[in-house]
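Enquirer: Could you look at this predicted model? Sequence included:
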Amino acid sequence: MRHNKKFNHLSRTASHRDAMLANMAISLIMHKRINTTVAKAKALRKYVEPLINRSKQDTTASRRVVFSYLQNKYAVTELFQVISEKVAERPGGYTRIIKTGFRQGDAAATCFIELVDFDENMAKTQKKAKRTRRSGKKSAEAPVAETVEVQTEEKPTEAAE
């Protein structure tokens, strides 16, 4: 029976896998985004998200636990000082995996994994135009023309002031 043997072994021994995930976690913490394969990114997500969650409480015990996983004091400092402040209000889901295609040599599925709160492009909230079911050309053009006229009328008054 294979009870509770769910995680991906990544074709590595346990010590190799632990060292690889620790190195990838350090790189993710220091650089905020790394390129890798999809399988490694999914394994890294399960490895690094509990560490980020642990960093929300800045105690000596939690620092020691995180250091036992990472073995890099600079990454631990970055995690507890910079990252924990940004993710303080987030209840989970600290990383994002975005697939980027396939690698040339072996056709492995590649992606980049990044910390959610550190991506400037995704952080900007874009207001989408409200769409209605019956938006015809006549009704859609009329409000646009009115807003343009209002804006052109306001600009000369601002320049005069």
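Expert: The structure has been received and is ready for your questions. Numbers count the residues shown, from 1 in each chain.
Enquirer: Can you give me the distance of the residue nearest the centre of the chain to residue 37?
Expert: The C-alpha lying nearest the average C-alpha coordinate of the chain belongs to residue 116 (Cα atoms, centre = their mean; 2.3 Å). Residue 116 is 20 Å from residue 37, where distance means Cβ to Cβ, to the nearest Å. From N, CA and C alone the C-beta is placed, and that goes for glycine too.
Enquirer: isn't residue 71 right up against residue 22?
Expert: Yes. With contact defined as Cβ atoms under 8 Å, residue 71 reaches residue 22; the gap is 6.4 Å.
Enquirer: What backbone torsions are found at residue 112?
Expert: Note on residue 112: backbone dihedrals following degrees, to the nearest 10 are phi -120, psi 140.
Enquirer: Quick check: bridge partners of it?
Expert: residue 35, residue 98 (DSSP bridges).
Enquirer: what is the mean pLDDT for stretch 10-20?
Expert: Averaged over stretch 10-20, pLDDT sits at 96.
Enquirer: Give me the residue ranges of this structure where confidence is low.
Expert: 123-132, 135-161 (pLDDT under 70).
Enquirer: returning to what we had before: show me which of residue 71 and residue 22 is the more surrounded one.
Expert: More crowded of residue 71 and residue 22, by other Cβ atoms under 10 Å: residue 22, with 20 against 12.
Enquirer: quick one: contacts for the more buried one?
Expert: Neighbour list for residue 22: 47, 69-71 [criterion: Cβ atoms under 8 Å, 6 or more residues apart in numbering].
Enquirer: Can you tell me which of those are buried?
Expert: For those, a burial check counting by 16 or more other Cβ atoms under 10 Å picks out 47, 69-70.
Enquirer: Can you tell me which of those residues end up in helices?
Expert: In helices, judged by DSSP state H, the following of the buried ones among the contacts of residue 22 are found: 47, 69-70.
Enquirer: Nearest to residue 110 among those?
Expert: Using Cβ to Cβ, residue 47 comes nearest to residue 110 of these, at 18.7 Å.
Enquirer: wait, isn't the closest one in contact with residue 25?
Expert: Yes. Between residue 47 and residue 25 a contact is recorded at 5.8 Å, counting by Cβ under 8 Å.
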